[in-house]
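# Based on what follows, work out the 3D shape:
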Amino acid sequence: MARLLAQPLSDELKTSVVVDNRPGAGGRIAASQLKRDTADGSVILIAPNALTTIQSLTYAGKIDYSVTRDFTPVSRLASYPFGVAVPTNSPAKSVPDLLKAMKANPSVASYGTSGAGGMAHFAAIALGKEAGVDWTHVAFKGGAPLVTDLIGGHIPVGVDTLVDQIEHQRGGKIRILGIFSPHRYALAPEIPTLAEQGLKVAPVEGWFGAFVPARTPKETVARIDAAIAKVIQEKDFKARLNKLMLEPSYLPSQEFTKLQVAELQQWEPVVKASGFTPD
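Predicted coordinates:
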């Protein structure tokens, strides 16, 4: 996302924008660095809500920054859905079918995700709670090994981003039964939502956003926000996002800030009730 954004944002801001990767710890190294960076708009963190929302909760008390206190949300950039997928030979044709079968056969009730403590993990926990299914989580080291085992029928269910699932469905290798989004995804409109299937689960969407240090002047935040808004509307930029199964979903700073707060409130009880710890 940062690399897609860099050049067009550079053109809008009339300054060089360089991508500085700070890998490690699921993004927490980069987030910790942002807190210490100069608050003049010269450094922007591009991050998914897996970092700013979920990890803020799972690593509470173990990180040296607070998203709400130390960061200012500038803009939401793009979003992506999470899907519930099964092997093609699964008898389940819908998510309610799947959950009914899982409830009837608790010994084989399990699901895989691309990693413990991620948004997919907690989305599946919320889904199981809604359906009264006590299913076992199997954590994979990324989306690729998860979908490989799903294709091979070694795991009965995979909950992951549509980015990792969609091409395998279109190739007839897996079947996506539904997505957690509040509406059908424009890039895969054939897949129904969980709500359409009668499941009362809070909507779940992944997104990428831009953040700056909390002390950044309001006029600087507004200038970066306005530049991002222009980039997001560019036809070429939208096309490049769509190739990655990402949908432009711009929100300005004030609305994005409200979303960040609302998501933390939504996920905090789910994370606490799960008993999950990252250790």
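# Going along the chain, name the strands of the chain.
For the chain, applying DSSP state E gives strands covering 45-48, 71-87, 110-113, 136-139, 158-161, 174-179, 205-213, 247-251.
# Let's have those strands in a markdown table, adding mean pLDDT.
Listed next are the strands of the chain as a markdown table, based on pLDDT from 0 to 100:
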| stretch | mean pLDDT |
| --- | --- |
| strand 45-48 | 96 |
| strand 71-87 | 97 |
| strand 110-113 | 96 |
| strand 136-139 | 95 |
| strand 158-161 | 96 |
| strand 174-179 | 97 |
| strand 205-213 | 97 |
| strand 247-251 | 96 |
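# Could you dump those strands into a markdown table and include mean neighbour count and distance to residue 100?
No exception for glycine: its C-beta is placed from N, CA and C like everyone else's. Formatted as a markdown table, those follow (neighbours: other Cβ atoms under 10 Å; distance: least, Cβ to Cβ, whole Å):
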| stretch | mean neighbour count | distance to residue 100 |
| --- | --- | --- |
| strand 45-48 | 22 | 33 |
| strand 71-87 | 25 | 13 |
| strand 110-113 | 24 | 15 |
| strand 136-139 | 15 | 17 |
| strand 158-161 | 26 | 17 |
| strand 174-179 | 23 | 12 |
| strand 205-213 | 24 | 26 |
| strand 247-251 | 18 | 31 |
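# Tell me which of those sits nearest to residue 199.
Residue 199 sits nearest to strand 174-179 of all those, at 7.9 Å, using Cβ to Cβ.
# most centrally placed residue in this protein?
Central residue of the chain (Cα atoms, centre = their mean): residue 206, 2.4 Å from the mean position.
# I'd say it and residue 83 touch.
No: between residue 206 and residue 83 there is no contact under Cβ atoms under 8 Å: 11.1 Å.
# Mind listing the shared neighbours of these two?
Residues touching both residue 206 and residue 83 (Cβ atoms under 8 Å, 6 or more residues apart in numbering): residue 161.
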